[in-house]
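Student: Here is a sequence with its predicted model. Questions after.
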Amino acid sequence: MRYHNLGHTEIKVSELCLGSMTWGSQNSQQEAHEQIDMALDYGVNFIDTAEMYPTTPLSKETQGDTERIIGEWIAKSGRRSDVVLATKVSGKGYKNVRDGAPISPASITTAIENSLRSLRTDYIDLYQLHWPNRGSYMFRQNWTYTPSQQDTNAVSDHMLEVLHHLGKLRAAGKIRHVGLSNESAWGTMRWLSLAAAHDLPRMVSVQNEYSLLCRLFDTDMAELSHHEQVGLLSFSPLAAGLLTGKYAEDTIPDGSRRSINADLGGRINTHLWPALNRYLEIAKQHGLDPAQMALAWAARRPFMTSQIFGATTTAQLKTALESTTISLTDAVLRDIQTTYRRYPMPY
């Protein structure tokens, strides 16, 4: 297991981060605790969650259960200092949390206190803004996204207000560092510029989707990441399970995420299958597990700080954790690049 600095900080996080969004819906508390213990045995020291979890399905009745499950593990194990813990504050429009209130000092105050209480901890290592109030092009919204109606001054005023509040929380010892999620290059740079100008907390990471099938980060965001030391924490590095090979056009395993969310968040369409099948063929031709190939490939990307992956079984978890031992040959990398040129945006 390799470790990378979290942005410009001295915190070292494992190249794989244990995702938690199935805990409390698809996974029980016992299963979640078994996953945490197993991941730590393999060298993982990074756990990501959010106040809105679990997902699949999302529910107002279960909202917050994932943080509470992690909190029970912390209380039971006494191993809080062994993990870098990341969570997120929900934002505008998500009705299951604060009736869809936007991110603001008031909503952050409520959210942080709830998260600290649920997680049974005095501090959060990485506190992230789950998505921008102004909207995001993540989750297939890039096909129709337009920023033309955004008020630049209003956005900047909001960011500055939030940064001041995050600074107070950091001074109080409730958070150590702050990060973004589902953000753009302009948005990230604006957060950084305002922080620098006013000596306020600097965003150290951005959590955006990234995988063999979703490579929106490769250009402007990659350049920003390099120059500004804002590392990527990639979510859905296995494309919601598609890159494991468990799904086909007519194959939906019982209890799987696809059995709950039919199109996997807009990922499944007629353009997907030729690209997906080719990546699966590459893995087979080179004697690789497809999930391990996908994770090992993404781990090589120069902007990658950590990949956030989830599992519903310990067998799936073991496969993912052992991807850190895989080395990809030049022939594999050439085949992947050729496929990317042929199928650059399958969803």
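Tutor: Arrived safely.
Student: If you count residues, where's the longest helix of the protein?
Tutor: helix 152-171 (DSSP state H).
Student: Run through the bridge partners of residue 248.
Tutor: residue 251 (DSSP bridges).
Student: How about residue 203?
Tutor: residue 178.
Student: Please name the residues that touch it.
Tutor: Going by C-beta atoms under 8 Å, 6 or more residues apart in numbering, residue 203 touches 7, 178-180, 188, 191-192, 195, 230. Backbone N, C-alpha and C define where each C-beta goes, glycine included.
Student: And for residue 312?
Tutor: So residue 312 contacts 22, 26-27, 31, 255-256 (C-beta under 8 Å, 6+ apart).
Student: Out of those, which two sit at the greatest distance?
Tutor: For these, the maximum inter-member distance is 15.3 Å, found between 31 and 256 (C-beta to C-beta).
Student: Can you tell me the closest non-neighbouring residue to the residue most central in space within the chain?
Tutor: Closest residue to the average C-alpha location of the chain: residue 235 at 3.4 Å, with C-alpha atoms, centre = their mean. Closest residue in space to residue 235, ignoring its immediate chain neighbours: residue 308 at 4.9 Å, by C-beta to C-beta, 6 or more residues apart in numbering.
Student: Burial check on the one you found, number of neighbours?
Tutor: Residue 308 has 23 neighbours, counted by other C-beta atoms under 10 Å.
Student: again, but for residue 85
Tutor: Look at residue 85: counted by other C-beta under 10 Å, it has 22 neighbours.
Student: All the strands of the chain, residue numbers only.
Tutor: 3-5, 12-14, 16-19, 46-48, 84-89, 124-129, 175-181, 203-207, 231-235, 304-309 (DSSP state E).
Student: Now for the residue nearest to residue 235: which residues touch it?
Tutor: 17-19, 48, 207, 233-235, 237.
Student: can you pull up the bridge partners for the residue nearest to the centre of the chain?
Tutor: Following DSSP bridges, residue 235 is listed with bridge partners residue 209, residue 308.
Student: Now do the contacts for it.
Tutor: 19, 181, 207-210, 308.
Student: what about 7 Å?
Tutor: The contact partners of residue 235, by C-beta atoms under 7 Å, 6 or more residues apart in numbering, come to 207, 209, 308.
Student: Ok, residue 339 next?
Tutor: By C-beta under 7 Å, 6+ apart, the residues touching residue 339 are 275, 278-279, 282.
Student: For residue 148, see how far away the most far-flung residue of the chain relative to its centre is.
Tutor: Each residue of the chain has a distance to the centre, and by C-alpha atoms, centre = their mean the biggest one is for residue 285: 29.9 Å. Residue 285 sits 45 Å away from residue 148, going by C-beta to C-beta, to the nearest Å.
Student: re earlier: out of the contacts of residue 203, who's the most crowded?
Tutor: Highest neighbour count within the contacts of residue 203, by other C-beta under 10 Å: residue 191, with 27 neighbours.
Student: which ones are touching that residue?
Tutor: By C-beta under 7 Å, 6+ apart, the contact list for residue 191 reads 159, 180, 203.
Student: cool, residue 127 as well?
Tutor: Shown in contact with residue 127 (C-beta under 7 Å, 6+ apart): 87, 175, 178.
Student: ok, the last one touching residue 201?
Tutor: Yes. Because the distance of 4.8 Å satisfies C-beta atoms under 7 Å, residue 178 is recorded as touching residue 201.
Student: Is there a quick PyMOL command that grabs whichever of the contacts of residue 312 are buried?
Tutor: To isolate the buried subset of those in PyMOL, counting by 16 or more other C-beta atoms under 10 Å, use the following:
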select buried, resi 22+26+27+31+256
